[in-house]
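Trainee: heads up, no residue letters with this:
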Ligand SMILES: Cc1cc2nc3c(=O)[nH]c(=O)nc-3n(C[C@H](O)[C@H](O)[C@H](O)COP(=O)(O)OP(=O)(O)OC[C@H]3O[C@@H](n4cnc5c(N)ncnc54)[C@H](O)[C@@H]3O)c2cc1C
């Protein structure tokens, strides 16, 4: 059958991918007066961010919250007119639990709490006193998160604080993640101040001056109707600023038609034979690493090969999420916290559980509780692909032994993310630099997604801003020629 090709008007910028990264970049570019078009393969915008209600209870199939680490977040919310819908985490959500010996133990958040917690032995506590005197590693060393923590804080601290924390954020393995790539601020503390404790004290003064917050002092935020409020508002704001969003368009290739003119080809999902062709002066790839690799490869230029390989070498952790709703009296634990993380040493099937309805107001009434349980990651990558009933059973068994859930939940949802989180493993920064070399050969191509510059929503917001500003400067420089 012949395929029908339509050619669209020329845009200043095409953004491929309408997750948080792409939407932030597109919105900022549209606000600067550029003609922006966003092409999204899925039938909806938001990427992994998706919120819904069931029986009046809010559940998230992706992220539950962001961290307010930068003033850019409130500036964005003000610009979108959704600041008053922002929900700050309840005070009790400052409390996070770690499982040790099958018990939930609060993670100590202050010096006195650290010295009195049963989470760590006396040896580990005393070991902290020696941390300021441990020499820094070489700036060139690509050290693993595990090696870094073992060297500075000891094995028990790795096993019962950092390993579960890394599983909670990256669904990752600290033996594989590069400390410099995955936790650049931690690495910088050592490089700059010679140690973590000294760095925390001196760095806090510096951040105060720069109006930035560290991730451990920043507040968690969401919205009264969940994280999707943010991406929905970005999509609305973009349209109001004359940007165009086309969902259901999978971009399949790009080509350089002439200097300063990129052709972007896609397939519309509602019409498999309908190829759509667009032209723009710049293209922002806000897509996962594998999708970005496929699109770069379509350029068929020898100088993309190394970048394509670098993108394909970025591993992703698979995760499945089991969201379960309970009558409050069916859960024995007080649920007075953010949730709990399970260290590998505890030999459970789950990575941890968020007490989703305790974290924020407006999630569920006080007679109900919503729990969000994570399974898989790099620790047990074979688990997330199991059937819904198997995953539900794993979650319920571990929840029964750890927080005393009784009976069966009122309802359960399973959200699958076979490629959930990019892993910033050894050599990651080098891989990112190899991708960036493309920009030298191909002016007008930009990259902004969670495989570069941080995986958190706040990092995606920061990077979306940054890439929008780079693209804007590029367009301005072209206009001056
Ligand atoms: C399960 C889960 C829980 C998380 N929890 C948290 C949390 O609590 N807090 C936090 O800060 N972060 C969290 N994160 C991380 C954070 O949510 C993500 O890193 C961030 O939302 C990614 O945004 P993105 O725009 O870079 O990518 P995505 O959201 O993946 O968006 C990429 C978009 O590109 C589209 N696309 C792909 N290929 C094509 C193509 N060829 N053509 C057109 N479109 C295409 C995709 O359909 C998708 O919509 C979580 C992530 C996951 C997966």
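Mentor: Okay, I see it. Just so it is clear, the structure is predicted and the values come from calculations on it, not from any experiment.
Trainee: So residue 230 lies in a strand, does it not?
Mentor: No. Using DSSP: H, G, I helix; E, B strand; the rest coil, the assignment for residue 230 is helix, not a strand.
Trainee: how close does residue 280 get to residue 195?
Mentor: Counting by C-beta to C-beta, to the nearest Å, the separation of residue 280 from residue 195 is 48 Å. To be clear about C-beta, it is placed using only N, CA and C from the backbone, and glycine gets the same treatment.
Trainee: quick one, which of these two is more surrounded?
Mentor: residue 280 (25 against 19; other C-beta atoms under 10 Å).
Trainee: Could you say which helix or strand holds the more buried one?
Mentor: Secondary structure from DSSP states H and E places residue 280 in strand 271-285.
Trainee: ranges for the helices of the stretch 301-450 of the chain?
Mentor: 305-312, 356-359, 388-403, 428-436, 438-441 (DSSP state H, counting those that start in this stretch).
Trainee: which residues sit against the first one?
Mentor: Counting contacts by C-beta atoms under 8 Å, 6 or more residues apart in numbering, the residues outside helix 305-312 that touch it are 289-290, 292-293, 296-297, 430-432, 434-435, 437-438, 451.
Trainee: And these, which of them are buried?
Mentor: Burial by neighbour count, 16 or more other C-beta atoms under 10 Å: within these this picks out 289, 292-293, 296-297, 431-432, 434-435, 438, 451.
Trainee: which two from those residues end up farthest apart in space?
Mentor: Pairwise distances across these (C-beta to C-beta) peak at 17.5 Å, for the pair 297 and 432.
Trainee: quick one on the thing from earlier: residue 417 is nearest to which of the helices of the stretch 301-450 of the chain?
Mentor: When the helices of the stretch 301-450 of the chain are compared by C-beta to C-beta, helix 388-403 sits nearest residue 417, at 12.4 Å.
Trainee: Return the set of buried residues in the closest one.
Mentor: 391-392, 394-396, 398-399, 402-403.
Trainee: now do stretch 473-481
Mentor: For stretch 473-481, using 16+ other C-beta under 10 Å, the buried residues are 474-475.
Trainee: Ok, stretch 264-275 next?
Mentor: 264-268, 275.
Trainee: With stretch 148-159 instead?
Mentor: So, applying 16+ other C-beta under 10 Å, buried residues of stretch 148-159: 148-154, 156-159.
Trainee: what does stretch 185-195 give?
Mentor: Quick answer for stretch 185-195 (16+ other C-beta under 10 Å): 186-187, 189-190, 193-195.
Trainee: Check stretch 132-150 too.
Mentor: Buried residues in stretch 132-150 (16+ other C-beta under 10 Å): 136-137, 142-146, 148-150.
Trainee: Figure out how far stretch 391-398 is from the centre of its chain.
Mentor: In this view, stretch 391-398 has its centroid 25 Å away from the chain centroid, taken as C-alpha atoms, centre = their mean, to the nearest Å.
Trainee: taking the mean pLDDT, what do you get for it?
Mentor: For stretch 391-398, mean pLDDT is 98.
Trainee: what does stretch 131-150 give?
Mentor: Per-residue scores along stretch 131-150 average to 88.
Trainee: And stretch 47-63, by the same measure?
Mentor: The average of the pLDDT scores along stretch 47-63 is 98.
Trainee: For that stretch, measure first residue to last.
Mentor: 11 Å (C-alpha to C-alpha, to the nearest Å).
Trainee: Give me the contact list for that stretch.
Mentor: 17-22, 44, 225-231, 321, 323, 325, 356-357, 362-365, 368, 370, 372, 410-411, 413, 415, 417, 420, 457.
Trainee: Pull out the buried residues from that stretch.
Mentor: So, applying 16+ other C-beta under 10 Å, buried residues of stretch 47-63: 47-51, 57-63.
Trainee: Intersect those residues with the contacts of the ligand.
Mentor: 47-49, 62-63 (C-beta under 6 Å from any ligand atom).
Trainee: Out of the residues you listed, which is nearest to the ligand?
Mentor: Distance to the ligand across those (C-beta to the nearest ligand atom) is lowest for residue 47, with 2.0 Å.
Trainee: Would you agree residue 435 is in contact with residue 446?
Mentor: No. Residue 435 is beyond contact range of residue 446, at 11.0 Å (criterion: C-beta atoms under 8 Å).
Trainee: any idea of the mean pLDDT for the helix or strand just after the strand holding residue 280?
Mentor: Sequence-wise, the next helix or strand downstream of strand 271-285 (DSSP H and E) is helix 289-297. Along helix 289-297, the predicted confidence averages to a pLDDT of 98.
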